[in-house]
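In: Below is the sequence, then the predicted model.
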2 protein chains.
Amino acid sequence: MFLADGYGAASMDAIAREAGVSKQTIYNRFGSKEALFGAIIRRRCDDLLSPLSPPECGSGDVKEVLTSLARKFTTMILSPTSLSLYRVLIGEASHLPQLAAIAYQSGPALAAETLASYLWAQSCSGVLEVASPRLAAEQFFGMLAGQKQLQALLGLSDEFSDDHLEDAIDTAVASFLRAHRSDSERRRD
Amino acid sequence: MFLADGYGAASMDAIAREAGVSKQTIYNRFGSKEALFGAIIRRRCDDLLSPLSPPECGSGDVKEVLTSLARKFTTMILSPTSLSLYRVLIGEASHLPQLAAIAYQSGPALAAETLASYLWAQSCSGVLEVASPRLAAEQFFGMLAGQKQLQALLGLSDEFSDDHLEDAIDTAVASFLRAHRSDSERRRD
DNA sequence: GTCTATAATTGGATAGAC
DNA sequence: GTCTATCCAATTATAGAC
């Protein structure tokens, strides 16, 4: 209910009713509305973190790795779960700054670090030319989801067609490769 | 107060006190809390729209035009005004969907359309190779601000150093040009 | 530990004098 | 048109029985 209606609009009465227990039971277990909210958000952040773990750095060629990572990222960042989580955290950001930090670290920041280390490795082995891996990683992910995520957060289009997303992913990967493939690699084409 | 505290947390009592008038005066003029909020948001959207108007399509070389547009976009999208506006709209998105649509049209969507038509023109004249101008424009802006805007919306870093932003802009422009400059133009380098 | 009933406060909105 | 004072509903949180 926090994620669906926002922190302010969700009342403890309604939550207790939905949970099938009395309010007092909730207060005994969590102490306050804010503490309950924190517990829920923390759990959701953990859930968010898990599917992004496989770095799969060594396997396959660059294009496949980037495409696979891009799919995972867009799926995660545009999932209803993630969207409602960010929506409520943004709305309540000034009120609960620590939770927002945890969510960011668990999602986009982790993804950027993973990709950055991959780019660094590929840069060392001469396949790619990436001056600043961390910046390039952030811009790659931004290219994929930046505008769409904002649209979705504003509630303007809750769902995107898979075709459209696949097109965006392919275009982004192609752009990234044209921009960062090293000259020696390019000559092979 | 709506922008600073959010819709729910801002009380009509506090607003009236801050405005130096009585509550009844506000209700006479606007009718309800929601209508007052709508009026304020609409005005803020108009303010947001104004500085983005100059398309400046014909002048200068491509790199300069892109850099200039990128600067305007990042400045707008990361300004405290814009951030607080989006923050409150995202928080209240499900409650007031029309306002969110107006804000998006007035900002990112307009910017993307402007750039897309410029890219299309440059593509016709053979300077750039852009298969889908609209998608390329969205991805260019996403590259610039996507991650930073999310960070700022979450309240994780309200201000970014100018050096850092300039670096991000230069990198993004360079990547975009390497990815989309036509082969004939590239040969001239 | 859990439920019912109840504070105590606060919010949006209104009535009536001037 | 504006202010003072007030209504009514909803909300968080607690007290006390079982």
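Out: Good, I have the coordinates.

In: Stretch A:82-93 and DNA strand D, are they touching?
Out: No - using Cβ under 7 Å from any atom of the strand, stretch A:82-93 never reaches DNA strand D; the gap is at least 12.9 Å. Glycine gets a C-beta too; all of them are placed from N, C-alpha and C.

In: ok, is that stretch in contact with chain B or not?
Out: Yes - Stretch A:82-93 is in contact with chain B by Cβ under 8 Å from any Cβ of the partner chain, via A:86-93.

In: Sitting in strands, which of those do you find?
Out: Counting by DSSP state E, those place none of their members in strands.

In: Give me the PyMOL select line for those, limited to the buried ones.
Out: Buried members of those, defined by 16 or more other Cβ atoms under 10 Å in any protein chain shown, are picked up in PyMOL with:
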select buried, chain A and resi 86+87+88+89+90+91+92+93
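
In: Show me the residues of stretch A:82-93 next to chain B that map onto helices.
Out: Counting by DSSP state H, the residues of stretch A:82-93 next to chain B place A:86-91 in helices.

In: Dump these to CSV, plus distance to B:Leu128 and pLDDT.
Out: Formatted as CSV, these follow (distance: Cβ to Cβ, whole Å; pLDDT from 0 to 100):
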residue, distance to B:Leu128, pLDDT
A:Tyr86, 34, 94
A:Arg87, 36, 93
A:Val88, 41, 92
A:Leu89, 38, 93
A:Ile90, 35, 93
A:Gly91, 40, 90
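
In: which residues in chain A form strands?
Out: Under DSSP E, chain A gives no strands.

In: Now do the buried residues in the biggest helix by length in it.
Out: Across chain A, the longest stretch assigned as helix under DSSP H is helix A:133-153. If you call a residue buried by 16+ other Cβ under 10 Å, then helix A:133-153 has these buried ones: A:133, A:135-153.

In: Can I get it in CSV, CA atoms only?
Out: Coordinates of each C-alpha in helix A:133-153 appear next as CSV, following Å, rounded to 0.1, in the frame of the first residue of the first chain:
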residue,chain,number,x,y,z
PRO,A,133,34.8,3.7,-17.8
ARG,A,134,32.5,4.9,-15.0
LEU,A,135,31.2,7.9,-17.0
ALA,A,136,30.8,5.8,-20.1
ALA,A,137,28.8,3.2,-18.1
GLU,A,138,26.5,5.8,-16.6
GLN,A,139,25.9,7.4,-20.0
PHE,A,140,25.2,4.0,-21.6
PHE,A,141,22.5,3.2,-19.0
GLY,A,142,21.2,6.8,-19.3
MET,A,143,20.9,6.4,-23.0
LEU,A,144,18.9,3.3,-22.5
ALA,A,145,16.4,4.3,-19.9
GLY,A,146,16.7,8.0,-18.9
GLN,A,147,13.8,9.4,-20.7
LYS,A,148,11.6,6.3,-20.5
GLN,A,149,12.1,6.0,-16.8
LEU,A,150,11.1,9.6,-16.2
GLN,A,151,8.0,9.1,-18.3
ALA,A,152,7.1,6.1,-16.4
LEU,A,153,7.7,7.7,-13.0
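
In: and it, what's its mean pLDDT?
Out: Over the span of helix A:133-153, the pLDDT mean works out to 94.

In: Can you check what angle separates it from helix B:133-153?
Out: With axes from the mean of the first three to the mean of the last three Cα atoms, to 10 degrees defining the directions, helix A:133-153 sits at 100 degrees from helix B:133-153.

In: that older thread, quick one: which of the residues of stretch A:82-93 next to chain B is nearest to A:Ile169?
Out: Within the residues of stretch A:82-93 next to chain B, the smallest distance to A:Ile169 is 20.6 Å, found for A:Tyr86 (Cβ to Cβ).

In: quick one: the closest one from DNA strand C, how far?
Out: 25 Å (Cβ to the nearest atom of the strand, to the nearest Å).

In: Can you verify my assumption that that residue contacts A:Ala103?
Out: Yes - look at A:Tyr86 against A:Ala103 with Cβ atoms under 8 Å: they come within range, at 6.9 Å.
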